[in-house]
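Student: What would the 3D arrangement of this be:
(one chain, ligands or ions: 2)
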Amino acid sequence: MAAHNDIAAAAQALREGGLVAFPTETVYGLGADATNNAAVASVYAVKGRPSFNPLIVHVDSAEAAFRLGQFSAEARTLAERFWPGPLSIVVPRAPDCPVSLLASAGLDSIALRVPAHPMALDLLKAVERPVVAPSANPSGRISPTSPDHVRRHLRDKVAMVLDGGRCKVGVESSVVSFLEDGPRLIRHGGIPRAEIEKALGHAVAVETHAVRPHAPGQLTSHYAPRAELRLNAEGPRAGEAYLGFGPLHSHGPWTLSRTGELVEAAANLFRLLHEIDATGVARIAVAPVPHHGLGEAINDRLMRAAAPREPA
Ligand code: TXA
Ligand code: MG
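Tutor: Ligands and ions are numbered 1, 2, ... in the order given. Now for the predicted structure:
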């Protein structure tokens with residue numbers, strides 16, 4: 001097996017149709033050559049993801065993205081302001097777009113992103129192809145923010161797991177769609193809505209709970225730990241583990257951020273859910289998290305994690 005962080009070997013594996021898990025600034029991605037139908041299909045298979053959910057296509061530069069999709073002036077504004085970074089932009093596919101239609105789940109649109117992790121960028125440059133990369137976890141489970149999380153579930157299903165340490169952002173990219181009249185925020189994520197609106201100079205519509213699930217983040221239950229979650233809890237009840245927000249508390253070792261910072265809380269969210277879940281506790285009570293800035297993305301993930309589970 002190739003050395004731990006051998007980018008050339010990882011790129012080769014991708015070009016040959018293999019899967020490579022790699023770090024991004026948001027979460028670890030399960031990467032496959034976006035132009036290879038069979039490779040894209042194996043992503044859905046490994047994740048156990050319902051096939052109507054389209055995937056995000058990762059590229060190494062805004063220029064590469066502009067060749068794959070048709071960007072309006074406003075879409076370009078966001079690309080130029082936030083890439084590389086935790087924003088995905090949905091636009092109509094370019095007429096000659098070589099990306100597998102399976103990656104777009106049959107839609108005539110494409111979601112594009114330039115990630116801000118140096119190892120991800122090195123890998124994308126070396127592959128010289130667009131790479132689909134959903135979060136590297138089985139569908140419906142917590143997204144991985146460290147290589148350990150990935151190895152736990154997917155070790156024997158991928159050619160390689162690149163180790164880039166812990167993810168700084170810790171929640172997935174924000175997704176903005178430009179398919180209708182104006183921009184629509186269809187998934188809360190690493191770029192707070194207020195920053196997107198500031199860059200555009202106007203408000204964006206928020207449609208994160210569309211009835212038609214053209215986004216996996218829009219399935220009601222998602223990002224779920226094994227344990228049940230109880231939200232906005234001021235403290236634990238009998239039998240519950242407690243995940244706080246703010247200074248350490250008397251109910252155990254877990255807090256999203258001792259200093260009450262939302263950026264730190266986002267970075268810790270999935271890791272702590274994994275950690276508490278691993279103790280085998282049946283219920284996790286989670287402290288209230290302020291609903292501004294990255295708090296919107298955190299609360300969104302918590303609500304989905306707490307939602308009634310879909311039938312398997
Ligand atoms: O942070 C991230 O974005 C991570 C890392 C690995 O980069 N990737 C990720 O990819 O979360 P994925 O495939 O799990 O995200 C899929 C999301 C859906 O929730 C949906 O919002 C959006 O991408 N999406 C993708 N293609 C779309 C399309 N054609 N139309 C609408 N939404 C689309
Ligand atoms: Mg995911």
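Student: Write out the residues of the protein neighbouring ligand 1.
Tutor: 24, 26-27, 29, 54-56, 86, 88, 90, 104, 107, 109-111, 113, 115, 133-135, 172-173, 175, 177, 186-187, 214-217 (CB under 6 Å from any ligand atom). Placement of C-beta: from N, CA and C, glycine included.
Student: Looks like L200 contacts A79 (just checking).
Tutor: No. Between L200 and A79 there is no contact under CB atoms under 8 Å: 12.0 Å.
Student: Looking at the two now, which is surrounded by more residues?
Tutor: A79 (23 against 17; other CB atoms under 10 Å).
Student: Contact partners for the more buried one?
Tutor: 62, 65-66, 71, 89, 114 (CB atoms under 8 Å, 6 or more residues apart in numbering).
Student: Would you mind measuring from it to ligand 1?
Tutor: 15 Å (CB to the nearest ligand atom, to the nearest Å).
Student: Show me what secondary structure element comes after the helix or strand containing that residue.
Tutor: Using DSSP states H and E, A79 maps to helix 73-82. Remark: after helix 73-82, the chain's next helix or strand is strand 87-92, criterion DSSP H and E.
Student: how far is stretch 69-88 from where the chain is centred?
Tutor: Chain-centre distance of stretch 69-88: 17 Å, with CA atoms, centre = their mean, to the nearest Å.
Student: To clarify, my last question referred to stretch 164-175.
Tutor: The answer for stretch 164-175 is 7 Å, by CA atoms, centre = their mean.
Student: Show me which positions of that stretch end up buried.
Tutor: Neighbour-count burial for stretch 164-175 flags 164, 167-175 (criterion: 16 or more other CB atoms under 10 Å).
Student: Verify the stated contact: H117 with T24.
Tutor: Yes. Here H117 reaches T24: they are 4.8 Å apart, a contact under CB under 8 Å.
Student: These two: which has the busier surroundings?
Tutor: More neighbours surround T24 than the other of H117 and T24, with 29 against 22 (other CB under 10 Å).
Student: immediately after the lengthiest helix in the chain, which helix or strand?
Tutor: Longest helix of the chain, by residue count under DSSP state H: helix 262-278. Moving toward the C-terminus from helix 262-278, the next helix or strand (DSSP H and E) is strand 283-286.
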